[in-house]
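[1] Kindly generate the corresponding structure for this input.
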Amino acid sequence: MSTAAPASPQQPVLTVRLAVGLLGVLLAAMVAGLSGRVPALVLVDLQGALGFARDDASWLTTAYSAGELAAMPFAAWFAITFSMRRFHMTMLAAALLLAAALPFVRDLNVLIALRLLHGICAGSLVPVLMMAALRFLPTSIRLHGLALFAMTATLSPNVALGLAALSVDHLDDWRWAYWHMLPLGLIAMGMVGWGIPKMPTALPRLKQADWFGLLPGVPGLMLLVVGIDQGVRLDWFQSPIIVAAIGSGAIFTSLFLISEWLHPAPFVGLALLKRRNIWLGFISLAGLLVVMSSAVNLPISALGSLHDFRLEQSAGLGLAVGLPQLILGSCVALLLYRRWVDARHVFAIGLACMSGACWLASAITDEWMVQQFLWPTLLHVIGQPMAMVAMLFLVVSTVQPMEGPFLAGLVNIVRVLSTVVAGALVSQLTAIRSRFHYESLRDQAGNLLPHWAGIDLLPGALTEQIAKQASVLAIADIYRAIGLLALLLIPLVLKFHYIPAPVVLRFSPSAATAVPAGAAS
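    Below is the predicted model:
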């Protein structure tokens, strides 16, 4: 049975001016994604320029991610309360000012605090994109809006590699890792200011808000990110910092969720989780983001460890995955408008493509260069938009436009938290499997040493070669594990309720509306 929400009786009218405003919201969301990803990629250059230790500098990335996650549940609510246009432009302006100022800060503690604030401001921009797409786009083109939102996961993280290489290798100035967002951000602000309609504020909502939930919610989410992101470096629960962060974060976040569930006017719609497609969608999204992390992050990590590649030498992989999403996302949206297409099958095919990419890449050797990743990259290019756009369609089709702000917060909580978990998971697996293979190869080499008595082999060279091969084998293991995860997600995807394609009904040559092909059940 279908679980599609009934169509709204009156469809929004999309004008040119509103379309420009929505594109500005999209551009701002892309800028927000880049502002977190690019500085993380050039962290080595940044710490060298500022004289920070590597472990100390890692807190800059953690702080940004913590602020980003803390903003996700509340951004859409504040956008309604203070009006979408005003809230969005304020957060964007604050993010741009911080980006302009950050390169001039030399004190690590101040820099971490500003980076946390930067994450809050930039992170507030992404939920507004989904909220705006559901509110302003008519059903007949709403799928294209979802395709645009999907690019925050398929385009921004991958294109960031090229921008990072541009900053440190071509412009030869690490400060552009922050400043790159200024021109794009100013353009986005102008588009939003001109295109998004002015709406009245709803300040009486401030008296009804779940402030008791917000107070533990913000630090709780931040502490969870700290515990997960720093867990590998500090050896997880062997560190009192990680124990305190994850323990207190779990308690505070639980208080937040309980308060939200009981409050009559919550920030996020936890009640939406009762719908099958939504809770299945969030589980699938978490797994999907782990799978997608293998498209670019693993290859550049492999090329860096095996051949000491700089960002410039591997940036082509990120651009090859990211740039086609500008077209392929809308192509998938057009496909989902066909009545004979089942979005669940599109999702499953996308996962199968990415699983195939991982199995191909698991044949990696120490001789692989960028060219050898061509076929895995091509499968990711095809699979990512199919999976992401289909997943968003299956989830979003079960909510009404007015429920969009509640859904936007939940989706982005899962998106940011899953991205942090994916990074920690890959790092932990790399450490475990590298250690396992290193010890195994070392033992084998020790057993063979008596047979190499006549061979002039330096101990240092042998140790280096063992470490190199252990790294290759560990990366291959991770590819196999992620490929298996993608396959295991397919049966879960097929459990979604079927959502029929929207059917566009043209009442006149100049106007069109749309209704779902089936009713909700």
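[2] alpha carbons only for contacts and neighbour counts from here, please
    Will do.
[3] any low-confidence regions in the stretch 251-400 of the chain?
    The model of the stretch 251-400 of the chain has no residue with pLDDT under 70.
[4] let me redo that: the stretch 1-150 of the chain
    1-12.
[5] so where do the helices sit in it?
    Listed in chain order, the helices of the stretch 1-150 of the chain (DSSP state H, counting those that start in this stretch) span residues 16-41, 43-50, 54-81, 84-101, 108-123, 125-136, 139-154.
[6] One more: the stretch 151-300 of the chain?
    156-165, 176-179, 181-195, 205-208, 211-229, 240-262, 276-292, 297-307.
[7] among those, which is the most enclosed?
    helix 156-165 (a mean of 25; mean count of other CA atoms under 10 Å).
[8] Not counting its own residues, what contacts it?
    Here helix 156-165 makes contact (CA atoms under 8 Å, 6 or more residues apart in numbering) with 30-31, 33-34, 37-39, 41-42, 177, 180, 296, 311-312, 315-316, 318-319, 321-323.
[9] ok, now with 6 Å
    30, 33-34, 38, 311-312, 315, 318-319, 322 (CA atoms under 6 Å, 6 or more residues apart in numbering).
[10] which one of those is nearest T154?
    G322 (6.1 Å; CA to CA).
[11] burial count for that closest one?
    Per other CA atoms under 10 Å, the neighbour tally for G322 reads 25.
[12] re the thing from before, what about the contacts of helix 156-165, which one has the most neighbours?
    Going by other CA under 10 Å, M30 tops the contacts of helix 156-165 with 29 neighbours.
[13] In contact with it, which residues?
    If you count contacts by CA under 6 Å, 6+ apart, then M30 has 152, 156 around it.
[14] Next, the angle from the helix ranked longest in the chain to helix 276-292.
    Ranked by residue count under DSSP state H, the longest helix found in the chain is helix 404-448. Here the directions of helix 404-448 and helix 276-292 differ by 40 degrees (axes from the mean of the first three to the mean of the last three CA atoms, to 10 degrees).
[15] In terms of secondary structure, what does helix 404-448 contact?
    helix 54-81, helix 125-136, helix 459-493 (3 or more CA pairs under 6 Å, 6 or more residues apart in numbering; DSSP states H and E).
[16] if we compare these, which one ends up closest to G404?
    Going by CA to CA, the one of the helices and strands packed on helix 404-448 nearest G404 is helix 125-136, 5.3 Å.
[17] ok, and for the closest one, which residues are buried?
    Within helix 125-136, the residues scored as buried using 16 or more other CA atoms under 10 Å are 125-136.
[18] which outside residues touch stretch 288-299?
    The contact list for stretch 288-299, computed with CA under 6 Å, 6+ apart, reads 318, 422, 482.
[19] Distance to D235 added to those, as CSV?
    Below are those laid out as CSV (distance: CA to CA, whole Å):
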residue, distance to D235
G318, 30
A422, 17
I482, 23
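[20] re the thing from before, can the helices of the stretch 1-150 of the chain go into CSV with extra columns for distance to A431?
    Below are those laid out as CSV (distance: least, CA to CA, whole Å):
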stretch, distance to A431
helix 16-41, 20
helix 43-50, 20
helix 54-81, 16
helix 84-101, 33
helix 108-123, 27
helix 125-136, 33
helix 139-154, 26
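[21] Point out the most buried one among those.
    Most buried of the helices of the stretch 1-150 of the chain, by mean neighbour count (mean count of other CA under 10 Å): helix 125-136, with a mean of 26.
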